[in-house]
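In: make a model of this:
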Amino acid sequence: MNRKLALAFVIASAAAAPAFADDPTIVNEQFVSTMTHAEVMAALQQYRQSGLNPWADEYNPILQMHSERTRADVTTEYLRSRDVVGALNGEDSGSVYLAHRDGERQQATQLATAPVADWD
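Out: Have a look, this model is predicted:
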């Protein structure tokens, strides 16, 4: 009987113990606004009049985007670069392409130096 009573006591005490999952972070800093109430209300009114709500389901940021390049320019650039992209994304990760390309272009070694101070 004592074993059952002791087991019940252990289970009850384990269930009654507090669980410390996380303690709340208390921030004691006072908020100081950089804008007046009128400025905040004016900004809110301007936001509402703009008609853009990035949290809305029908928000489409692409409608406001405008490209500087034409479709033909992008297509031409893609066609020029697809062999290079294919080589770099190939099975050898482009190592053969890079090895042949580096042999064609021998560039002089450039070292980084600090600018020389003018002591005059």
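
In: remind me which residues of the protein are low pLDDT?
Out: Within the chain, the ranges that satisfy pLDDT under 70 run 1, 15-21, 23, 102-110, 113-120.

In: which residues of it fall in helices?
Out: Secondary structure of the chain (DSSP state H): helices at 2-16, 37-50, 71-88, 95-104.

In: quick one: the last one to chain centroid distance?
Out: Yep, that's helix 95-104 we're talking about. Its chain's C-alpha centre and that of helix 95-104 lie 33 Å apart, by CA atoms, centre = their mean, to the nearest Å.

In: return that helix as CSV; C-alpha atoms alone will do.
Out: C-alpha atoms of helix 95-104 as CSV (Å, rounded to 0.1, in the frame of the first residue of the first chain):
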residue,chain,number,x,y,z
SER,A,95,34.8,23.0,-64.6
VAL,A,96,35.7,22.0,-68.2
TYR,A,97,34.2,25.2,-69.6
LEU,A,98,36.0,27.3,-67.0
ALA,A,99,39.3,25.5,-67.7
HIS,A,100,39.1,26.2,-71.4
ARG,A,101,37.9,29.8,-70.9
ASP,A,102,40.8,30.6,-68.5
GLY,A,103,43.3,29.3,-71.0
GLU,A,104,41.9,31.8,-73.6
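
In: what's it packed up against?
Out: In terms of contacts (3 or more CB pairs under 8 Å, 6 or more residues apart in numbering; DSSP states H and E), helix 95-104 is packed against helix 71-88. Any C-beta I mention is one placed from the backbone N, CA and C, and that applies to glycine too.
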